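Q: Sequence unavailable; structure follows:
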């Protein structure tokens, strides 16, 4: 008989049926527990609560780790079981509609901080084409397989190309040669837009910085010389060696002082902050209004002179191509505190006064309209007829002629609707229908009617500058957005958010060294980005673009004392090539990609057209689209670098900084 050893006894026990069952059940239970704990999205992880997780910071050569909640299991892991009761998906909300911080009680709060960017970023790094999160951005943009061929340069004849204003085929087909409509937008058809890089004119030089550019710009940068001497006795501009010299400063100052003496209540820089200068020549008036803390937007059509607005933008004065013709201008109702027409040549009484009625729509309640034309002061019969027509029309639309002296006449718009209501029966023009939205401007025709003022006084009562920049305006309540009670808190949260971000840009990216002047915010929200630039004393102006793909916040932007325009980024913008130093796009590409109206490349080709050589682009967007954006940026010839946003390295947002090299 063999002796019974410990090992023999153990083997016999293991072979026992009961032991096998217990062991198998234990292993199965533990496996299910660990798998469920790791992959369940419904319950908190017990494993991760027991032991801390250490994550490595992303390196320049490693794939950027996603947030913990989105980490992907290894390929060898068993697929997770579906939770029995999955939570409902949250409603998709646009980032510009819902913004602000909610405290632990669910109430809007301004007690939040925005993180800082890495101040160690150097100019060399900016010009580098690698970034810390490049691999992850490429993965989000299509697994790194998205490639774009390098864009070719257009023909040299397109160096001044403005797509929606230079559409010769449309003008010819519609027979617009004798119509003011030819100066309006007629954009290329879909898939026939810009597909190449608009070239610089020969000899192009880096822009002269502001404020020197107010008085002189490079001849080679605005090569057409037809405007020089074309206005006869006005002598707007002359050529000296390799520069244009602007001669209208003294005359502009005298004109401004004359207006102030006539009506001191205009109060430039306090009550009057935002002005519109119509058919402005080379924007002398707007350039010198800036000395009075007034932002004057200069507009003119792309007419026989062709480059009035190009001169204004090269000087560093707010301007865009626009004209009074057959459609509404792309500005909201009650936008401008002051409208100025000095020799502008607009026939305000044409077609039952529809052009003056458009000026009335965009003029703020209590605002001033200045007309300095020959009919004001000359006594020739045909000119006096024009004056009588103007005097009659302004009376019927309830404008008060507050002063007429010399060559200047100044009217004031009423503050409420009482005058309109008390007019005699049958007086023309009538009030517009109650269902007409005066802020709906995208391809909307002019109407021969008076835009009534808001019954609750919205738009009529704005605070004086500079307090109005940060005071939530009344018209905030009229914006269509997914919030009813907390609108003011949302407005203030956006302002604080951008103020802290711009502070980090000024400190980390040395924005004050860039000599920025013409800046565009391509998705402006409530204008917080532009307000922050003002607060941090960046000597620039901002064109705040409110896309048609989102809520129309443009009235709020103007009530703050800023300027802007409504626009669809699937179409070209109404400006000349090489007219902006900085383009800022926050969440734009995510929104436009969801619309599926145009490709991202369409928007970025337009960005390249309007961006000056040595200009910069700051794009803040989701990781899922930045890969495609970065690839197109490389095809455009931009140097680009990826940077974490202030939300930190695990945010779903990322920042792409691009440099259009000279």
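A: Cool, the structure landed. For clarity, every value in this text was computed on a predicted model and none was experimentally measured.
Q: Contacts for stretch 410-417 next, please.
A: Residues outside stretch 410-417 that contact it (C-beta atoms under 8 Å, 6 or more residues apart in numbering): 259, 262-263, 360, 363-371, 394, 398-404, 420, 452-453, 455, 457, 460. (C-beta placed from N, C-alpha, C; glycine too.)
Q: What does residue 243 show for phi and psi?
A: Here is the backbone geometry of residue 243 (degrees, to the nearest 10): phi -140, psi 150.
Q: whoops, residue 245 was the one
A: phi -120, psi 130.
Q: Quick one: residues contacting it.
A: 215, 216, 237, 238, 239.
Q: part of a strand, is the last one?
A: Yes: note on residue 239: a strand contains this position according to DSSP: H, G, I helix; E, B strand; the rest coil.
Q: what pairs with it across the strands?
A: residue 244 (DSSP bridges).
Q: do you know how far it is from residue 247?
A: Distance from residue 239 to residue 247, counting by C-beta to C-beta, to the nearest Å: 11 Å.
Q: Same drill for those two, tell me which one is more crowded.
A: residue 247 (15 against 12; other C-beta atoms under 10 Å).
Q: thinking again about what came up before, next, format the contacts of residue 245 as CSV and append distance to residue 446 and pLDDT.
A: CSV is the format used below for those (distance: C-beta to C-beta, whole Å; pLDDT from 0 to 100):
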residue, distance to residue 446, pLDDT
215, 37, 95
216, 39, 96
237, 32, 86
238, 38, 88
239, 39, 90
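Q: okay, now residue 502: neighbour count?
A: 21.
Q: Which residue ranges make up each domain of the chain?
A: Following the TED database, the chain resolves into domains at 246-422, 463-660.
Q: how about these, which one is nearest residue 190?
A: The closest of the domains of the chain to residue 190 is domain 463-660. By C-beta to C-beta, the value is 7.9 Å.
Q: and residue 189, that one's in a strand?
A: No: membership of residue 189 in a strand is not supported by three-state DSSP, which gives coil.
Q: remind me which residues of this structure are low pLDDT?
A: Low-confidence segments of the chain (pLDDT under 70): 1-146, 225-227, 229-235, 304-306, 483-485.
Q: what about 50?
A: Scanning the chain for pLDDT under 50 picks out 1-7, 9-11, 13-14, 33-100, 104, 106, 119-123, 125-132, 141-144, 232-234.
Q: And residue 429, how far from residue 397?
A: 7 Å.
Q: Do you have the strands of the stretch 251-400 of the chain handy? List them.
A: Ranges of strands within the stretch 251-400 of the chain are 274-278, 295-300, 319-321, 336-342, 363-372, 400-405, based on DSSP state E, counting those that start in this stretch.
Q: mind putting those in CSV, mean neighbour count and distance to residue 499 included?
A: Listed next are the strands of the stretch 251-400 of the chain as CSV, based on neighbours: other C-beta atoms under 10 Å; distance: least, C-beta to C-beta, whole Å:
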stretch, mean neighbour count, distance to residue 499
strand 274-278, 26, 21
strand 295-300, 26, 19
strand 319-321, 25, 27
strand 336-342, 23, 25
strand 363-372, 23, 26
strand 400-405, 14, 39
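Q: JSON lines for those strands, including distance to residue 203?
A: Below are the strands of the stretch 251-400 of the chain laid out as JSON lines (distance: least, C-beta to C-beta, whole Å):
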{"stretch": "strand 274-278", "distance to residue 203": "30"}
{"stretch": "strand 295-300", "distance to residue 203": "25"}
{"stretch": "strand 319-321", "distance to residue 203": "23"}
{"stretch": "strand 336-342", "distance to residue 203": "33"}
{"stretch": "strand 363-372", "distance to residue 203": "37"}
{"stretch": "strand 400-405", "distance to residue 203": "47"}
